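> here is a sequence with its predicted model. Questions after.
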Amino acid sequence: MNMDQLKRQAAARALEEVRDGMQLGLGTGSTAKHFVELLGERVAAGLNVIGVPTSEATRADAERCGVPLTTLDEIDHLDITVDGADEIDPELNLIKGGGGALLREKIVAAASDRMIVIADDTKWVPTLGRFPLPVEVIPFGLGATRRGIEKAFAECGVSGQMAVRRAKDGHVFVTDGGHWIVDAQLGRIADPASLAKALSAIPGVVEHGLFIGLASSAVLAGGEGIRVIERR
Ligand SMILES: O=C[C@H](O)[C@H](O)[C@H](O)COP(=O)(O)O
């Protein structure tokens, strides 16, 4: 089974948790896209749900698949958010934002009763940090913000190269919110909760890709089948 089939399997398993009448957060990325497509099939067959997309890309996918959409201004909570991740550790802390959607993803996950993370099992790691940590920043004053980030890294015992993310065409990557992303190659983040707190305190940092205590469960699809891990 190839990687894409594994992602679809994880998405299908998460779909089993969806009930009629639910309000859903719709994640972003290649794995979450499978969930939106499968959800669209269920909606076409009569399932009544409404979704909040975490990116303009997901909005377009959901519209294409016929999933009704709303916003967090129109409803007061979400039952479940289903989203992918770039890394998942045994505490179900995550690195997200490889696709640049971390800000809306975190707002939507935080507004949800449950967050189910879906992934192929290569995303499972003993310690976060191999995947570059995305930090979403305001372009104004970037030099000062970068120095603040470096200081936070030093205080939390990590270090590594930082680079402003570029799109395939070479231009600076701009998020749906109009911000930039700095990717930090940290290698190993021993205390992700402390680093998350330190990064959140920096003026100029809009959000970062560490999702601490947000995921309720992870559905991991691998060669040997599907594993569902609940947060302890
Ligand atoms: O910004 C993107 C999101 O955080 C994605 O959920 C994450 O990058 C995982 O994406 P994929 O399912 O494509 O590996």
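Alright, I've got the coordinates.
> how far away is the residue nearest the centre of the chain from Asp169?
Residue closest to the average C-alpha location in the chain (Cα atoms, centre = their mean): Lys96, at 4.1 Å. Lys96 is 24 Å from Asp169, where distance means Cβ to Cβ, to the nearest Å. (Glycine included, C-beta is placed from N, CA and C.)
> which residues of this protein lie near the ligand?
Neighbours of the ligand within the chain, by Cβ under 6 Å from any ligand atom: 27-32, 83-86, 96-102, 105.
> what ranges do the helices span in the protein?
Along the chain, the segments classed as helices by DSSP state H run 3-15, 30-44, 56-65, 102-110, 142-155, 192-200.
> so where's this structure uncertain?
Judged by pLDDT under 70, the chain has no weakly predicted residues.
> the same query, at a cut-off of 90, please.
1, 232 (pLDDT under 90).
> and it, what are its domain boundaries?
Annotated domains of the chain cover 3-125+213-224, 133-207 [automatic domain parsing].
> deepest of those, which one?
Among the domains of the chain, ranked by average contacts under mean count of other Cβ atoms under 10 Å, first place goes to domain 3-125+213-224 (a mean of 20).
> first-to-last residue distance for that domain?
Start-to-end span of domain 3-125+213-224 (Cα to Cα, to the nearest Å) is 13 Å.
> ok, stretch 19-33 next?
Note: stretch 19-33 ends 19 Å apart using Cα to Cα.
> distance between stretch 168-183 and the chain's centre?
16 Å (Cα atoms, centre = their mean, to the nearest Å).
> same check, this time on stretch 99-111
6 Å.
> contacts for it?
25-29, 52-55, 57-58, 72, 77-78, 81, 83, 96-97, 115, 134, 136, 165, 173, 175-177, 179, 181, 206-209, 211, 214-215 (Cβ atoms under 8 Å, 6 or more residues apart in numbering).
> using PDB, list the CA coordinates for it.
Only the C-alpha atoms of stretch 99-111 are listed here, as PDB (Å, rounded to 0.1, in the frame of the first residue of the first chain):
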ATOM      1  CA  GLY A  99       1.500  23.500   4.400                       C
ATOM      2  CA  GLY A 100       1.400  26.900   6.100                       C
ATOM      3  CA  ALA A 101      -2.100  26.600   7.600                       C
ATOM      4  CA  LEU A 102      -1.000  26.400  11.300                       C
ATOM      5  CA  LEU A 103      -2.700  29.600  12.500                       C
ATOM      6  CA  ARG A 104      -6.300  28.800  11.300                       C
ATOM      7  CA  GLU A 105      -5.600  25.100  12.200                       C
ATOM      8  CA  LYS A 106      -4.800  26.000  15.800                       C
ATOM      9  CA  ILE A 107      -7.800  28.400  16.100                       C
ATOM     10  CA  VAL A 108     -10.100  25.700  14.800                       C
ATOM     11  CA  ALA A 109      -8.600  22.900  16.900                       C
ATOM     12  CA  ALA A 110      -8.900  25.000  20.000                       C
ATOM     13  CA  ALA A 111     -12.600  25.600  19.300                       C
END
